[in-house]
Structure formats: structure tokens, C-alpha cells
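**Student:** Starting from these lines, generate the structure:
(one chain, ligands or ions: 1)
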Amino acid sequence: MARGLDILGDPWGMLVLREVFFGNGRFDAMKSRLGAADSVLTKRLAALVDAGLLARQPYADGGRTRQEYVLTAKGEDALPVLNAVVLWAEKHLPAPSEQSHMFVMHTGCGARTTSADSCTACGERLTVRNTSWHSLTRTPDPVPLAAAPDPAGTTPHANGAAS
Ligand SMILES: [Zn+2]
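**Tutor:** Model prediction:
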């Protein structure tokens with residue numbers, strides 16, 4: 001467990017991962033969403049790249065090429081950890097407001113799951129490809145999660161500039 005916490009035990013690191021799962025992997029968008037200082041964000045992104053959970057991917061920004069952050073397969077595998085944090089908080093911590101809730105949805109059957117690694121309604125294992133997160137402060141509808149880019153080089157499933 002200590003080895004895992006070296007990577008997954010840092011609050012800023014987990015919030016950075018949350019943003020990338022939400023498809024929000026561009027530095028400026030993450031910075032504005034998290035309200036983090038550049039140095040805080042830079043350090044966590046570097047640590048998550050070093051640990052192999054995130055990868056840098058170029059994208060065209062007007063005439064410039066910039067880097068955005070995408071999940072790797074190893075990063076995708078952290079989904080149940082983040083789901084568990086969301087579900088535990090929903091179960092045990094009071095929400096500051098009605099808008100503060102966040103739900104984990106299995107898009108395969110449309111149910112809201114209360115289990116981190118499989119759908120409580122139908123039993124299917126949850127992956128980034130069949131899971132949406134619904135943060136009421138972010139969007140009126142659940143957001144399908146981002147996935148690691150296809151190794152064949154096709155366009156990754158991402159949500160663009162979700163903010
Ligand atoms: Zn289901």
C-alpha cells in the first residue's frame with residue numbers, strides 16, 4: 001500500500017488525474033479548473049508522467065504545437081481508486097450544497113453505481129470506456145471518461161475542452 005500511496009496518495013496528484021479522466025488534459029484548462037499554482041501543477045504532472053500514469057501528446061493550438069496530457073493504460077487502471085474516493089465521500093461526507101454531489105454512472109446500462117469497480121445494477125466491470133462521471137458543479141449531464149490513446153494512432157476518445 002505504501003508504494004501505491006507514493007503515487008496515488010497526493011491530493012493534488014489525484015485532482016490532476018481527475019481532470020485528465022474528465023478529458024481536461026490541457027495545462028491552462030487544468031490550472032483554471034483546479035486553481036493551482038503553475039509550480040504545483042507542473043510538479044504533479046511530471047510525477048504522474050514519470051510514474052507512467054500520464055503521457056504527453058502534442059496538439060495544434062492555432063499555429064503552435066503544445067502538449068496535452070492523456071492517460072496511459074496504467075493510468076486508466078487507477079479508475080476504481082478515483083471511483084472509490086468519490087463513492088466513499090458521497091456515502092459518508094456531507095455535501096456542502098446540492099450541487100456538490102458527484103456520481104459514477106455505468107453508461108452500459110445507465111445506472112448510477114455505488115461500487116467502484118463494477119456496476120451495482122448489472123455487474124459489468126467498470127472501465128473508462130463504459131463509465132461516466134457526473135459532477136453537478138461541472139456539467140448538467142454525465143461526462144464520458146477519457147481513455148488512453150489507441151496504440152494504433154487513431155484519435156483518442158476525449159471530451160475536448162470540458163470545463
Ligand atoms: Zn450497469
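**Student:** Now the residue of the chain most remote from its centre. Its backbone dihedrals?
**Tutor:** Most distant residue from the mean C-alpha position of the chain: Gly63, 28.2 Å away (Cα atoms, centre = their mean). Dihedral pair for Gly63: phi -90, psi 0, per degrees, to the nearest 10.
**Student:** Can you tell me how far it is from the ion?
**Tutor:** Applying Cβ to the ion, to the nearest Å, the value for Gly63 to the ion is 45 Å. C-beta: built from backbone N, CA, C; applies to glycine.
**Student:** give me every residue that touches that residue.
**Tutor:** Contacts for Gly63 (Cβ atoms under 8 Å, 6 or more residues apart in numbering) come out as none.
**Student:** wait, what's in contact with the residue positioned nearest the centre of the chain?
**Tutor:** Centrality entry for the chain: nearest residue to the mean C-alpha point is Phe21, 2.2 Å, by Cα atoms, centre = their mean. Phe21 makes contact with Leu71, Leu79, Leu82, Val128, Trp133, Leu145, Ala146 under the criterion Cβ under 8 Å, 6+ apart.
**Student:** cool, Glu90 as well?
**Tutor:** Listed by Cβ under 8 Å, 6+ apart, the contact partners of Glu90 are His101, Met102, Phe103.
**Student:** Quick check: it is in a helix.
**Tutor:** Yes. Using DSSP: H, G, I helix; E, B strand; the rest coil, the secondary structure at Glu90 is a helix.
**Student:** coming back round to it: let me know the closest of the contacts of Phe21 to Trp88.
**Tutor:** Closest approach to Trp88 among the contacts of Phe21 (Cβ to Cβ): Leu82, at 10.9 Å.
**Student:** what about the closest one, how many neighbours?
**Tutor:** Here the number of neighbours of Leu82 (other Cβ atoms under 10 Å) works out to 19.
**Student:** Same question for Trp133.
**Tutor:** Neighbours of Trp133 (other Cβ under 10 Å): 21.
**Student:** now the residue nearest to Leu71 when sequence neighbours are not counted: how far from Ala78?
**Tutor:** Closest residue in space to Leu71, ignoring its immediate chain neighbours: Ala148 at 4.7 Å, by Cβ to Cβ, 6 or more residues apart in numbering. For Ala148, the distance to Ala78 (Cβ to Cβ, to the nearest Å) stands at 11 Å.
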